[in-house]
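# Structure here, sequence nowhere to be found:
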């Protein structure tokens, strides 16, 4: 038995992975609603920000709202060829 289970938690309350944080994040309704509106209308949506600012958490919540219809591409190492990413991730 893990320490957090002994304390009555189902999972580690200090887990900071994006998947865990997306399930319990609060205060993202505004940005999430705006992203959902644009993404569901067929627009390409880009999210950028400093490390640790919540981009992955926000996008995981968006993926949940859209039924997993999200393409994730890490652009931290250089330029992004959007056409190439979309072709690899979809049937377009």
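It's in. Predicted, not measured: the structure shown is a model, and the values here were computed from it. Residues are numbered from 1 along each chain as shown.
# tell me the secondary structure for the nearest residue to residue 80 once chain neighbours are set aside?
The spatially closest residue to residue 80, leaving aside those adjacent along the chain, is residue 73, at 5.9 Å (CB to CB, 6 or more residues apart in numbering). (C-beta placed from N, C-alpha, C; glycine too.) Three-state call for residue 73 (DSSP: H, G, I helix; E, B strand; the rest coil): coil.
# Which pLDDT value belongs to residue 73?
Listed pLDDT for residue 73 reads 70.
# got any ranges where the chain has weak pLDDT?
Applying pLDDT under 70 to the chain picks out residues 16, 18-22, 24, 68-72, 89-92.
# now the helices: where do they sit in it?
Under the criterion DSSP state H, the chain contains helices at 3-6, 18-24, 29-40, 55-65, 82-89.
# nearest to residue 48, of these?
helix 55-65 (7.3 Å; CB to CB).
# just checking, what packs against that closest one?
helix 18-24, helix 29-40 (3 or more CB pairs under 8 Å, 6 or more residues apart in numbering; DSSP states H and E).
# for that helix, which positions count as buried?
For helix 55-65, burial by neighbour count (16 or more other CB atoms under 10 Å) applies to 56-63, 65.
# how near is residue 62 to residue 6?
Here residue 62 is placed at a distance of 35 Å from residue 6 (CB to CB, to the nearest Å).
# Thank you kindly, that will do.
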